[in-house]
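Engineer: Take a look and give me a structure for this.
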Amino acid sequence: MPTPSDSFNTVYISRTALQHNYQALQSLVGPGVRLLPMIKSDAYGHGLVETAKMLSEAGADAFGVAEVDEGVRLREAGIKGQVFVFLGSYCFAALIDYGLTPVVFDLANIKEMSAYAEGYGKTVGVHLKVDTGMGRLGVMPDEVESYIDQIEKLPGVYLSGLLSHFPMADQPESPKTREQNLLFDRLAKEVGFTGCGSKGVCHIANSAAILKAPVTHHGMVRPGISLYGCSPLTEALDRRNISLKPVMSFATKIVQLKNVPAGYGVSYGHLFKTSRPSRLAILPVGYADGYLRCLTGRAEVLIRGRRAPVCGRVCMNATVVDVTDIPDAQVLDEAVVMGPQTYHEFAGEITADEVAGWMGTISYEVLCLFGNSNQRVYC
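Structural biologist: Model prediction:
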């Protein structure tokens, strides 16, 4: 891996893995379906602008963000293509000036947008979000026709897309996804939207639906976690012959090694005491770096290709691991917190899902925590 210059802790982002995943997902859905990569929240910790640039090189021509400021950052960095703002916005000047596509779900907001756009002699294409069962943002199904009728009467705006979202696509045994898709499909056809038809594009599929439910692909799909090499599914991904590669890895270094006797207390509260004479390695990583306190007594890291357990309380900027069984470990050795490591005949990998299991959360949160808390190196 490249050597960082200003911190012991570094998140590495693989350009080849990201672009591989994008192309694998595009091959999976086929040429008739457009990919809308979700790069909101600093691209799940991978870096908003840098990720957009790498995806653009791979062929992406659309991007999904949460708020207008993210879209503005993309435009000011020279990113072309369509940028969707999924939380909507009242920043109408920025929407228009930077050519962003708002997702809408509130009539008062749409009317204000219309008046503003008309006043500047502009027209804004909007995507109407429907709540088909997510229970979050979106107009109710019985409001769709009325919303569309009113949008069509308003100057300065026009309807260019219809979308919804799945809450349970990662649970293939549940009938909810099929039921939602049937409802979405019926609503789309009733208002004249079909796939990537002339009236506009329909999209509802997230990563889980992309991988498991081809019938939900419609004209566009929205890969998020799958783009970054993690699966939202608990099962293996060999059903449709797709291979995803982890994009992010996270490594630190050993800053001290020390030998301690049996019965020696380690870190705050002495929750852990050595059961034998032990060799401990101190790593300069802790909950300030996204390595949460709940990893205490659960997590492991890779040193020289072998696993070393975390012992004692994880601190703000320090974590102790037991390297008694890795006698050749040295100060400044790399310690992989997440990702692969090979050293001579030893090789191992700690996945985002494994870290998430130790934390009691999901891989999405792990990527955001690590990526947004540490320096990033693109390689």
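
Engineer: which other helices and strands contact the host helix or strand of residue 75?
Structural biologist: Assessed by DSSP states H and E, residue 75 sits inside helix 68-76. On a contact count with 3 or more C-beta pairs under 8 Å, 6 or more residues apart in numbering; DSSP states H and E, helix 68-76 meets helix 48-58, strand 62-65, strand 82-85, helix 92-97. All C-beta spots, glycine's among them, are computed from the backbone N, C-alpha and C.

Engineer: So for residue 140, which of these sits nearest?
Structural biologist: strand 82-85 (21.6 Å; C-beta to C-beta).

Engineer: The closest residue to residue 230 other than its chain neighbours and residue 200: what is the separation?
Structural biologist: Counting by C-beta to C-beta, 6 or more residues apart in numbering, residue 363 is the residue found nearest to residue 230 once chain neighbours are left out, at 4.3 Å. To residue 200, residue 363 is 33 Å away according to C-beta to C-beta, to the nearest Å.

Engineer: Ok, residue 173 next?
Structural biologist: To residue 200, residue 173 is 33 Å away according to C-beta to C-beta.

Engineer: Please say which of the two ends up with more neighbours.
Structural biologist: In this view residue 173 and residue 200 are compared by other C-beta atoms under 10 Å, and residue 200 has more residues nearby, 23 against 6.

Engineer: Quickly find the element holding residue 349.
Structural biologist: For residue 349, the host element (DSSP H and E) is strand 346-350.

Engineer: Does anything pack onto that strand? Which helices or strands?
Structural biologist: Here strand 346-350 touches strand 300-303, strand 306-309, strand 334-343, going by 3+ C-beta pairs under 8 Å, 6+ apart.

Engineer: Put the alpha carbons of the second one into PDB.
Structural biologist: The reference is to strand 306-309. In PDB, the C-alpha atoms belonging to strand 306-309 read as follows (Å, rounded to 0.1, in the frame of the first residue of the first chain):
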ATOM      1  CA  ARG A 306      -2.100 -13.000  11.600                       C
ATOM      2  CA  ARG A 307      -4.900 -12.000  13.800                       C
ATOM      3  CA  ALA A 308      -4.300 -10.100  17.100                       C
ATOM      4  CA  PRO A 309      -7.200  -9.600  19.500                       C
END
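
Engineer: Give me the below-cutoff pLDDT ranges for the stretch 1-150 of the chain.
Structural biologist: Where the stretch 1-150 of the chain drops to pLDDT under 70, the residues are 1-5.

Engineer: quick one: the residue nearest the centre of the chain and residue 274, what's the gap?
Structural biologist: Against the mean C-alpha coordinate of the chain, by C-alpha atoms, centre = their mean, the closest residue is residue 44 at 3.6 Å. Applying C-beta to C-beta, the value for residue 44 to residue 274 is 38 Å.

Engineer: go on, residue 124?
Structural biologist: Noted for residue 124: a distance of 64 Å to residue 274, by C-beta to C-beta.

Engineer: now swap in residue 141 and tell me
Structural biologist: On the measure of C-beta to C-beta, residue 141 and residue 274 end up 61 Å apart.

Engineer: rewinding a little: apart from its neighbours in sequence, what residue is nearest the residue nearest to the centre of the chain?
Structural biologist: Closest to residue 44 by C-beta to C-beta, 6+ apart is residue 367, at 4.8 Å.

Engineer: got the angle between the helix or strand hosting that neighbour and helix 48-58?
Structural biologist: Here residue 367, judged by DSSP H and E, is contained in helix 363-373. Following axes from the mean of the first three to the mean of the last three C-alpha atoms, to 10 degrees, one obtains 110 degrees for the angle between helix 363-373 and helix 48-58.

Engineer: Quick check: next helix or strand after helix 363-373?
Structural biologist: Scanning forward in sequence from helix 363-373 by DSSP H and E, the next helix or strand is strand 375-378.

Engineer: ok, that next one: who's next to it in the sheet?
Structural biologist: strand 10-13 (parallel) (DSSP bridges).

Engineer: Next secondary structure element downstream of the partner strand?
Structural biologist: Later in the chain than strand 10-13, the nearest helix or strand by DSSP H and E is helix 15-29.

Engineer: Can you give the distance of that next one from its chain's centre?
Structural biologist: Distance, stretch centre to chain centre, for helix 15-29: 15 Å (C-alpha atoms, centre = their mean, to the nearest Å).

Engineer: List the buried residues in that helix.
Structural biologist: 15, 17-22, 24-26, 28-29 (16 or more other C-beta atoms under 10 Å).

Engineer: Tabulate those in TSV, adding columns for distance to residue 304.
Structural biologist: Formatted as TSV, the buried residues of helix 15-29 follow (distance: C-beta to C-beta, whole Å):
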residue	distance to residue 304
15	27
17	24
18	28
19	30
20	28
21	29
22	33
24	32
25	35
26	38
28	37
29	41
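
Engineer: thinking again about what came up before, give the next helix or strand downstream of the strand holding residue 349.
Structural biologist: helix 352-359.

Engineer: Show me the protein divided up by domain.
Structural biologist: Annotated domains of the chain cover 32-228, 248-378 [automatic domain parsing].

Engineer: that older thread, minimum distance to residue 81: which of the helices and strands packed on strand 346-350 has it?
Structural biologist: strand 334-343 (30.0 Å).

Engineer: could you give the mean pLDDT of that closest one?
Structural biologist: Throughout strand 334-343, pLDDT has a mean value of 98.

Engineer: who touches that strand?
Structural biologist: Contacts to strand 334-343, defined as C-beta atoms under 8 Å, 6 or more residues apart in numbering, come from residues 1, 12, 246, 248-254, 281, 283, 285, 291, 301-306, 308, 321, 347-352, 355, 366, 370.
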